Each structure stands twice: as structure tokens, then as C-alpha cells.
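>>> Any chance you could fold what I've pasted below:
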Amino acid sequence: MKTKIAGALLASTIAAPCLAQSSDARTGSTVVVTAQRDPLSLDEDSEAASRLALTNRETPASVEVLTQEELQLRGLRTARETFDNVVGAISGNVPGNPAVVTLRGFAGGAVSILQDGVRVSTSTVVQRDTNNWHYDRIEVLKGPASVLYGEGALAGVINKVTRKPVLGETRFDAVLSAGSFDTVFAAGGVNLPVSSTVAVRADASYQRSDSLYDVDNNDTFSAGLTGSLLFRPSEALSLLVAVDHFEDRYDAAYQGLPLIPGRYARNASDAVTTTTGLVADKALRRRNYAPQGAFSGANETTVRSRLDWRFAQGWNLAVDLTGYTADRAFVLADSQSFVAPSAAFPDGSFRQTFQDFRHDHKFWNARVVIGNDSRVAGLRNRFSLGAEYNSTDFVSLRQQAPNTVLPAVDAFNPAPIARPTGTAIFTSGNVTFDSRLKQAALFAEDAVNLTPRWLLVGGIRWDHIDLDRATITNTTGAVDRNNPSFDPVSWRAGTTWDVVGGLTLYAQYTTAVSPVSSILLASIANSRFRLTSGRSYEAGLKASGWGGRASLTGAVYRIEQKDILTRDPNDPALTVQGGRQSSQGAELSAVLVPARPLRLSGGVSYSDAQYDELSELIGTVRTDRQGNRPINVPDWTVNGSALYTIGDAVTVGAFVRHAGAFYTDTANTIRVAGHTVLDASVALRVAPQATLTVRGRNLTNAFYGEYSGYPTTNVYIGAPRSFEVALATHF
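Residues are numbered from 1 along each chain as shown. Alright, predicted model coming up:
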């Protein structure tokens, strides 16, 4: 069945209607999407993939790019929706980790999130479900990328590239939409030339909803304001200065649907199956048990500059400076435990723990890269040499209360309860992590054309990481300190070969390093472990033809990670390094424009992921997890769409996403069934510069698990059927 789905969708999927027009921020020209544009952008460069200005075709790795035009055509409003549409990925909105990503068999911190090529910290700390309006494109580099961005990035990198000013162009873009669950979205952007050498751009976005998931007491809000100034006195010199500000808040932060024993369910579904008889009850679909006043939110600001200077023939210099500050809060009931029916609660109830976590995060980064594109011994050679230094101050208050603090709530009709106050309730945990992290790096890349068709690419990076961590027990004032340092080296070697016109084969070997958990949030015990190490083998093809009307990319890969935490075989009470995890699989993406009105595209991926060596302590017994599938890792993912334009005025589109089953626990006892979601849209050009779109999401009203949270018995259920109307315009 999965093979049939994949085959069908590769024959018909995502499209960019021919009526779509937009401004290309990199060239300043107006792009009319037609059958002649390379569908997979194989001959454009990607910032995330290399600092050598290699095209995607020249890069010996899988690169996927989603432009702003495509985000709007697919109706992707937020980071989570975007990541969920990447070939081979799924994403979920866990309150403590919004827009968390699973990619190529690894989840969470194994995928690095960048903004304009800068990694502030692990994605489990910094990533939020931001509005997509502010990004020119989203670049996804799949596979280990420590050689480019340091520790982490074992499974890949997602680079969010903000919109930039364009010289000599006056432009205004805006979109306004309203839809189900009282969801409203408004955004606008303006590009203004100040002079022949100066231009500015500003963008703003606002979204509010009673709940993007149609959950009780879950008002959501997100907003962004970004602005930048470009000064280009000559073709050889440019300076960009930018400020980005984002905010979000989720009231009564939803922790997912808690599973309950099947005998107490009112409308049991097959969305989740367990070995202990727990089920996902559709009757609890909209229930939110969090106390009034609980919330998850963030407020973050980035100031950055970029200097590019071509100072001699073939030589260039790039200097990036970044400053970042953020305040985050996670005040919520982080788990629900079902209690069997009683006299007080005839249908059963839930007891909940309560937490109040805060982040005060400050970061700055400086990076200098010098590059050269010239000929050496008659061969074209491109190289870059760079240095980077950053500093992080991170203070995290982490307070946890037991499930006796909050009163029990009815499972099927929870009455609102008040958020507890005072610090005396936090007896399960009340600590402050005070971390000072310093990182320095030296890195180099080189690409040499042994022949015009055969390219060799290599890179190496050395990092020096110093962590000064104090864990303060707030009730007693006791302090536990640790000062680990790490000096990892990562490298890669790859090659691309243009076999015939339009067809390129590639292969690559890459290494990576990653901490056993986030460096900034690791416990004192975990911060004393050495970094885990990973390696990857990948081979694939990239092809385009038929006059630019067809593109195909394919890859096979294997990623291995060793030294993950496990249990000592001789003393199960001890946590040691020595565990291993791996993933191997294949991906295929295709785009076809058989005729001007019709554009078809799709992607399919298969991942065979497992714990090669892992044991856990269950009670006092060491339990083997070898061969089990990691959490939140489906085997198959498929996505695609088809758009057909009628008379250059009306575009009808269909979009489909499929993800296979996954587990919420390492024991693989809780299985979330696979799901397929169908969306559709009709876009009507109502004026030369305006388009009205009606969109339906999850048209079959599928009830499905999107991602698992914490504890393992909570599952995030995807949004039900919804509709929206949007008006987009540009001048």
C-alpha cells in the first residue's frame, strides 16, 4: 500500500501555479513561475550547504529549498507546518519544544535550526513556531553538518533565510486571512530604495487563534517584526544591518491528548495502540487539563550585520556579527495520570504535575570567512577559511511540583482550576541552571574541479567548547559546579560527477559530534560525559531536463551515532556511554510540468532506524532495547500536490501528506498509527495585483497522532478539518 501511495504521488504532487508572481530578493527581479524555471532549483546556490557558493547540483548532499512563493502556495503559515512538509521529516508543537523536527531517523537536538546561517543553540532550546512570512526561503541540508556549524546537526540543518532589501525596487506585499477556530493572520512587507546604493525592507506579521488545534482554553498568538538596511556602494562591497523580533504565547499550554484505559473510553479510536490497553479517546479530542493562567511563550530579538567584500580578483571576505536575547517561559501541567472512576469522578479523572521553567538567554557571535575562486595548476579551485567565536549566558529556573499540588480534574468534563502560586509547592525540583558557554572554531572547505565534470569537495572544522555550569538548589542555596571542555574535530569528503547533460551523481562521507543532551540544559551528570560521535554515508543523483520542466533528486544514506547513554551491563544502576543508534534509508523527490497549466510534484522517503545498543533501568532490572525504533520516527513519509491553472486566472490545487506509524517510547509499546492528510485550495485572481484563495485543510477530518510529547502516554492530535479565506496582494 505504501509503495502504491509513493508511486502515485510521485506521479502527481506539489505545484506552483503559473499565475504566481513574486519578487526575488536576491536579484531584485519579478519572477513569474512558469514551466521553464528549474523546479528543484538545482543550479541555484544554498547558504546552508556550503560557504563556497556551490550550486545545489554541485553539493554532494541532499538539499531541499522551500521559497516564500511555495510556502504561500502550499498554505504553510508557521515553522511547524513548513518542517512537516519537508521530504523525510515530521514535526510537532510540543510546548517545551515548539516545531520540534524528526529527520532521517533522529529527532530534537539532532536537527540544527539556523537563522541566516547562524546557530544560536540547539533547536530544543531556541526553536519557536514562528510565522513564515519573514523568510525568503527555508533551506534544508540533510545529513550531518557539524563540519559547517559545530556540535549537533547530526541529522541535518534547517536554515531560515530572512527577506532582504533589493536595490532600485519599490514593492509592497500583504496577505490577510481568516478561518476556522477564529484564526486570523495578517502580514505585510515593504521594500524601499533610499538611493542608488541604499535600500530598506520591513516586514510585520500577526496571527491569533482560539487554538490552531481546536483545543479548549488554548488561545494562541504569534507576531514578528523584521527590518533591514542594505548599503551597496559598489558591486564589490555590501553591508547588511538587520533587526528581527518575534513573540508568541500559547495559553493553558496543551500537552497533548492523554491515553486512557480502553474500558473507560467513550469513543475509542485506532489512532494509538498499546500493549497495556491504553487508547486515544475521540471524546477527549478538545479537552485541555492545564490550569487557568498556565502558558508557554517567548520574546526574542536578534541584531545582526553582514559585510561582503570582493577585495581582489577571485578573493572575497565575509564578516558576520550577531547578537541575540530571549526570554522564555513554560508554565504548565506537564503530565496527566489517569485515575480510575471514583465516587467523586464517576468517569475517571486526571492528576497532574505542575512546572514553571524560565529561560534568560543572551548570545553573541562573530564569524570571519575569507574565500577564493581561482585556478590552481590549471584546475578551478574554490576554498574558504574561517574562524568563529561566540559566547552564551543562559540562566534557567526549573521548578517542578508533584501531582498532589493541583486538584484532580474530571477526565471528560474538566472544570477550570487555578494556577498555583508561591514557591513552596515546588518540592519535586527547584533548581537554577546558570551556564556560561564559550565556543571558538576554525574551519576550512575546498572544492576542486579535477575535470569540468568531476568535482571533489572537502571540509574540516575544529571546535573548542568551554562550559561553566552551576546548578543551584534554590531551597538550600547549595551549588554544584562543573567546567567541562571539549575539542571535537569534524570533517567531510564528497564528490559530484556530471555524467551527461542534466544528470549528476554524488557521494559523501561526513562526521559529526553531539552532546548526550543539550549543552545548556544538560544535568551536571550529563555535562560530564564526552560528546557522542556520528558518521554518515550518502550517495545520490540530481537530474533535470525536458527544457527545465522536470527535475529529480534521489539519495540513499546511512547515519550512525555512538556513545549515547545506556546502562552499565555489570551495574544497571550506573548510566554510562556506549549505546549506539543508526538510521538508513532512501529519499526521492520529483517535479514535473507536463503542460503549462499543470505542475506536479512529490517526495517519498523511507527510514529504517533502530537502537543498535541501548538498555534502560526498569525498576531494578536492566532492560534491552536493541533493535527497537527510536521515538517519533516513522518509516515512510510521502508528500505532494498538483495544481492546475485555468485561463491564467483560476488555480485549483490538491495537497497530500502521509506519515507512517511511530512509537512514543523506547520500549515500542505505544504505537501511533500512520496517517494521511488531504488539503485543497482554489485561487482566483480578482485583480491584476490581487489573488483570493479559499483553502480547506484535513478535508477527510482524519483523527491522527501528529507527534508524541512527555510523558510517553500523551500524543498530540492533528488539527481537525478547517477552512480559511485569504487575500494576497502586491504592488
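>>> just for the stretch 551-700 of the chain, where's the confidence low?
Scanning the stretch 551-700 of the chain for pLDDT under 70 picks out no residues.
>>> Determine how far stretch 43-56 lies from the middle of the whole chain.
For stretch 43-56, the separation from the chain centroid amounts to 20 Å (computed by Cα atoms, centre = their mean, to the nearest Å).
>>> Name the nearest residue to residue 728, sequence neighbours excluded.
Spatial nearest neighbour of residue 728, chain neighbours left out: residue 175 (4.4 Å); criterion: Cβ to Cβ, 6 or more residues apart in numbering. Any C-beta I mention is one placed from the backbone N, CA and C, and that applies to glycine too.
>>> Identify the residues contacting the one you found.
Contact analysis of residue 175 by Cβ atoms under 8 Å, 6 or more residues apart in numbering lists 72, 133, 185-188, 726-729.
>>> Who is the residue nearest to residue 687 when sequence neighbours are not counted paired with across the strands?
Spatial nearest neighbour of residue 687, chain neighbours left out: residue 729 (7.7 Å); criterion: Cβ to Cβ, 6+ apart. Residue 729 forms beta bridges with residue 174, residue 690, as assigned by DSSP bridges.
>>> Which of the helices and strands in the protein ranks last by mean pLDDT?
strand 30-32 (a mean of 33; mean pLDDT, DSSP states H and E).
>>> immediately after the longest strand along the chain, which helix or strand?
For the chain, the strand with the greatest residue count under DSSP state E is strand 349-376. Following strand 349-376 in sequence order, the next helix or strand is strand 379-401 (DSSP states H and E).
>>> Now do that next one: which elements does it pack against?
Packing contacts for strand 379-401, counted by 3 or more Cβ pairs under 8 Å, 6 or more residues apart in numbering; DSSP states H and E, involve strand 349-376, strand 429-451.
>>> Redo these as CSV? Include mean neighbour count.
Formatted as CSV, these follow (neighbours: other Cβ atoms under 10 Å):
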stretch, mean neighbour count
strand 349-376, 18
strand 429-451, 18
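>>> circling back to that earlier point, can you pull the contacts of the residue nearest to residue 687?
Residue 729 sits next to 173-175, 687, 689-691 when contact means Cβ under 8 Å, 6+ apart.
>>> In CSV, list these along with distance to residue 613.
As requested, the contacts of residue 729 are exported to CSV (distance: Cβ to Cβ, whole Å):
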residue, distance to residue 613
173, 52
174, 54
175, 50
687, 62
689, 60
690, 59
691, 54
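>>> Can you say which of those residues are buried?
173-175, 691 (16 or more other Cβ atoms under 10 Å).
>>> Just tell me which of the helices and strands packed on strand 379-401 ends up closest to residue 680.
Nearest to residue 680 among the helices and strands packed on strand 379-401 is strand 349-376; the distance by Cβ to Cβ comes to 37.1 Å.
>>> between the closest one and strand 429-451, how big is the angle?
30 degrees (axes from the mean of the first three to the mean of the last three Cα atoms, to 10 degrees).
>>> which helices and strands does the longest strand of the chain pack with?
In terms of contacts (3+ Cβ pairs under 8 Å, 6+ apart), strand 349-376 is packed against helix 123-126, strand 315-339, strand 379-401, strand 409-410.
>>> The contacts of residue 175 in strands, which ones?
Of the contacts of residue 175, the ones assigned to strands by DSSP E are 185-188, 726-729.
>>> now the residues you listed: which count as buried?
Using 16+ other Cβ under 10 Å as the burial test, the ones in strands among the contacts of residue 175 include 185-188, 726, 728-729 as buried.
>>> Closest to residue 572 out of those residues?
Nearest to residue 572 among these is residue 185, at 51.6 Å by Cβ to Cβ.
>>> so what's the closest one up against?
Residues in contact with residue 185 (Cβ under 8 Å, 6+ apart) are 77, 131, 175-178, 205-207, 726.
>>> In TSV, list those residues along with pLDDT and distance to residue 249.
Formatted as TSV, those follow (pLDDT from 0 to 100; distance: Cβ to Cβ, whole Å):
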residue	pLDDT	distance to residue 249
77	92	16
131	94	13
175	96	22
176	96	21
177	96	20
178	97	20
205	97	15
206	97	12
207	97	11
726	96	23
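>>> Residue 172: neighbour count?
13 (other Cβ atoms under 10 Å).
>>> quick one: it from residue 201, how far?
11 Å (Cβ to Cβ, to the nearest Å).
>>> which non-adjacent residue is nearest residue 512?
residue 144 (3.5 Å).
>>> Surely the one you found is in contact with residue 509?
No. Contact status for residue 144 versus residue 509: not in contact, 9.7 Å apart, counting by Cβ atoms under 8 Å.
>>> And these two? Which one has more around it.
Each of residue 144 and residue 509 has its neighbours counted (other Cβ under 10 Å); residue 144 has more, 34 against 15.
>>> Span of stretch 49-66 from start to end?
One end of stretch 49-66 sits 14 Å from the other (Cα to Cα, to the nearest Å).
>>> Same check on stretch 253-267?
24 Å.
>>> same deal with stretch 112-128?
Stretch 112-128 has its terminal residues 13 Å apart, counting by Cα to Cα.
>>> re earlier: so what secondary structure elements neighbour the helix or strand that the least confident helix or strand of the chain is followed by?
Next helix or strand after strand 30-32 toward the C-terminus (DSSP H and E): strand 63-67. Under the contact criterion of 3+ Cβ pairs under 8 Å, 6+ apart, strand 63-67 touches strand 135-142.
>>> contacting residues around the strand it packs on?
The contact list for strand 135-142, computed with Cβ under 8 Å, 6+ apart, reads 25-26, 46-49, 61-68, 71, 82, 86, 88-89, 103-104, 132, 148, 155-164, 555, 557, 587.
>>> So what are the sheet partners of that strand and their directions?
Strand pairing for strand 135-142, using DSSP bridges, gives strand 63-67 (antiparallel), strand 156-162 (antiparallel).
>>> What is the burial count for residue 380?
So residue 380, with other Cβ under 10 Å, has 14 neighbours.
>>> so it makes contact with residue 449?
Yes. Applying Cβ under 8 Å, one finds residue 380 in contact with residue 449, separated by 4.4 Å.
>>> tell me the mean pLDDT for stretch 111-129?
What stretch 111-129 shows for mean pLDDT is 89.
>>> Figure out how far it is from the centre of its chain.
8 Å.
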